[in-house]
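Colleague: Dropping a prediction and its sequence here:
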Amino acid sequence: MRRLILLDAGPLGMACNPTASPLADRANLWVESLVRREVFVAIPEIADYEVRRELLRARKIRGIAILNLLKDELLYIPITTETILRAAEFWAKCRNEGYPLADPRALDGDVILAAQAVEVASDYDETVIATTNPDHLSRLVDARHWEEIT
């Protein structure tokens, strides 16, 4: 069975945390365990952006190095025109159905992330977004708390 786990900014940020902590250690061990079991683990470009911008702002050079290393070792899913078009559809759908995922003026990374998951899902038997808050994303795609994914 070909499984794909897309890391959102929460788990990805924990895995890139340059400061040792129990949570960062758990996140890293979790990613390593998935890879060892031959689960495809991916960094969506929107999650890279969200984590990288904060690491840059905080001048966390070691965190940026870890993110770059993960980007080289895991799958990387770029944002395509098709992704943006689908994200716009998701954004409008959520607004029209009365459950906006972000401020109307916000870029809304969640719909871009969901669109990225949908764009690659046909290549896998199971595609799941690993997140710290599955409530919003699970309206659009299979999204679970990262610690519940084995």
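Modeller: Sure thing, it's come through. Residues are numbered from 1 along each chain as shown.
Colleague: Give me the distance between Ser138 and Ala92.
Modeller: Look at Ser138 and Ala92: by C-beta to C-beta, to the nearest Å, they are 19 Å apart. In short, each C-beta sits where N, CA and C put it, glycine included.
Colleague: tell me the average confidence for the helix or strand hosting Trp91?
Modeller: The secondary structure element spanning Trp91 is helix 81-96 (assigned by DSSP states H and E). Across helix 81-96, the average pLDDT comes to 93.
Colleague: Which strands or helices does it pack on?
Modeller: For helix 81-96, the helices and strands in contact under the criterion 3 or more C-beta pairs under 8 Å, 6 or more residues apart in numbering; DSSP states H and E are helix 109-121.
Colleague: Tell me the first helix or strand C-terminal of the helix it packs on.
Modeller: Proceeding C-terminally, helix 109-121 gives way to strand 126-131 as the next helix or strand, assigned by DSSP H and E.
Colleague: Thought Ile46 was touching Leu7, still the case?
Modeller: No: no contact is recorded between Leu7 and Ile46 when judged using C-beta atoms under 8 Å, the distance being 10.8 Å.
Colleague: So which of the two has more stuff around it?
Modeller: The neighbour count for Leu7 versus Ile46, taken as other C-beta atoms under 10 Å, is higher for Leu7 (30 against 26).
Colleague: Quick check: phi and psi on the more buried one?
Modeller: In terms of degrees, to the nearest 10, the main-chain angles of Leu7 are phi -90, psi 130.
Colleague: what's the distance between it and Glu89?
Modeller: Relative to Glu89, Leu7 is positioned 23 Å away (criterion: C-beta to C-beta).
Colleague: Next SSE downstream of the lowest-mean-pLDDT helix or strand in the chain?
Modeller: Between all helices and strands in the chain, the lowest mean by mean pLDDT, DSSP states H and E belongs to helix 134-137, at a mean of 88. Tracing the chain past helix 134-137, the next element assigned as helix or strand by DSSP H and E is strand 143-145.
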